[in-house]
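> after the sequence you'll find the predicted model.
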Amino acid sequence: MNERDDRFAAYFAARSGAMRATAFLLCGDWHRAEDLVQTAFVKLYVVWHRVGHEEKLDSYARQILVRTFLDETRRGFFRRERPTAEVADRPLSEPDDGVENRMVLAGALAAIAPRQRAALVLRIWEDLSVEDTAKAMGCSTGTVKSQLSRGLAAMRSLVPATSA
């Protein structure tokens with residue numbers, strides 16, 4: 001291995017877990033999240049020799065990941081299978097409140113439009129600014145704001161209100 005490959009391997013080892021979590025929130029499936037991260041890192045490796053600023057590397061990798069997700073969603077590559085509320089091949093154990101809440105939120109997130117989901121994940125989960133979210137999504141800041149507004153409205157309609 002040369003120095004370039006060593007740097008890439010170190011970056012992959014350091015960031016692949018966080019990118020996988022982001023990818024999961026985008027697509028709602030761990031296996032697809034792994035595929036998205038793998039595709040994003042392959043695309044990053046191809047241009048690795050041109051990536052000079054390490055401080056912008058996370059932003060660039062996240063942008064590749066989001067655009068890969070949006071491209072695959074547009075093509076309909078993963079539309080053959082649909083998630084269901086019930087798993088037929090094994091009984092469910094009694095979940096605790098935290099797991100149940102996460103499942104409800106993950107299901108609602110998976111049910112909203114891909115661009116709304118991407119805006120919510122980048123802006124809320126990744127805590128990016130509106131400008132950085134727009135850059136990662138390849139759109140204007142106004143589009144990010146409208147996608148966030150619509151995404152939050154959709155999430156509110158899908159997630160039942162709880163009494164405190």
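Cool, got the structure. Numbers count the residues shown, from 1 in each chain.

> got any ranges where this structure has weak pLDDT?
For the chain, residues meeting the criterion pLDDT under 70 lie at 1, 52-55, 75-98, 162-164.

> distance between the lengthiest helix in it and the chain's centre?
Ranked by residue count under DSSP state H, the longest helix found in the chain is helix 3-27. Counting by C-alpha atoms, centre = their mean, to the nearest Å, helix 3-27 is centred 13 Å from the centre of its parent chain.

> quickly list the domain ranges of the chain.
With domains defined by automatic domain parsing, the chain comprises 1-81, 96-164.

> picking that back up, for the next helix or strand after the longest helix of the chain, buried residues please.
Next in sequence after helix 3-27, counting helices and strands by DSSP states H and E, comes helix 30-46. Judged by neighbour count using 16 or more other C-beta atoms under 10 Å, the buried positions of helix 30-46 are 32-33, 35-37, 39-41, 44-45. C-beta: built from backbone N, CA, C; applies to glycine.

> quick one on the thing from earlier: what's the angle from the longest helix of the chain to helix 30-46?
Per axes from the mean of the first three to the mean of the last three C-alpha atoms, to 10 degrees, the angle that helix 3-27 makes with helix 30-46 is 150 degrees.

> tell me which strands and helices helix 3-27 is in contact with?
In terms of contact count using 3 or more C-beta pairs under 8 Å, 6 or more residues apart in numbering; DSSP states H and E, helix 3-27 is assigned the packing partners helix 30-46, helix 57-75, helix 97-111, helix 114-120.

> quick check: buried residues in the second one?
Of the residues in helix 57-75, those buried under the neighbour-count criterion (16+ other C-beta under 10 Å) are 57, 61-70, 72-73.

> from those residues, which single one is nearest Cys27?
Closest approach between the buried residues of helix 57-75 and Cys27, by C-beta to C-beta: Phe69, at 6.3 Å.

> contacting residues around that closest one?
Phe69 makes contact with 23, 26-27, 36, 114, 118, according to C-beta atoms under 8 Å, 6 or more residues apart in numbering.

> which residues are in contact with stretch 137-146?
63, 66-67, 70, 115, 118-119, 122-123, 130-131, 133-134, 147.

> could you export those as CSV, including distance to Phe8?
Listed next are the contacts of stretch 137-146 as CSV, based on distance: C-beta to C-beta, whole Å:
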residue, distance to Phe8
Gln63, 17
Val66, 20
Arg67, 20
Leu70, 24
Arg115, 30
Ala118, 25
Ala119, 29
Leu122, 24
Arg123, 28
Val130, 31
Glu131, 28
Thr133, 26
Ala134, 27
Gln147, 32
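
> which of these are buried, as a PyMOL select command?
If you want just the buried ones from the contacts of stretch 137-146 in PyMOL, going by 16+ other C-beta under 10 Å, the selection is:
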select buried, resi 63+66+67+70+115+118+119+122+123+130+133+134+147
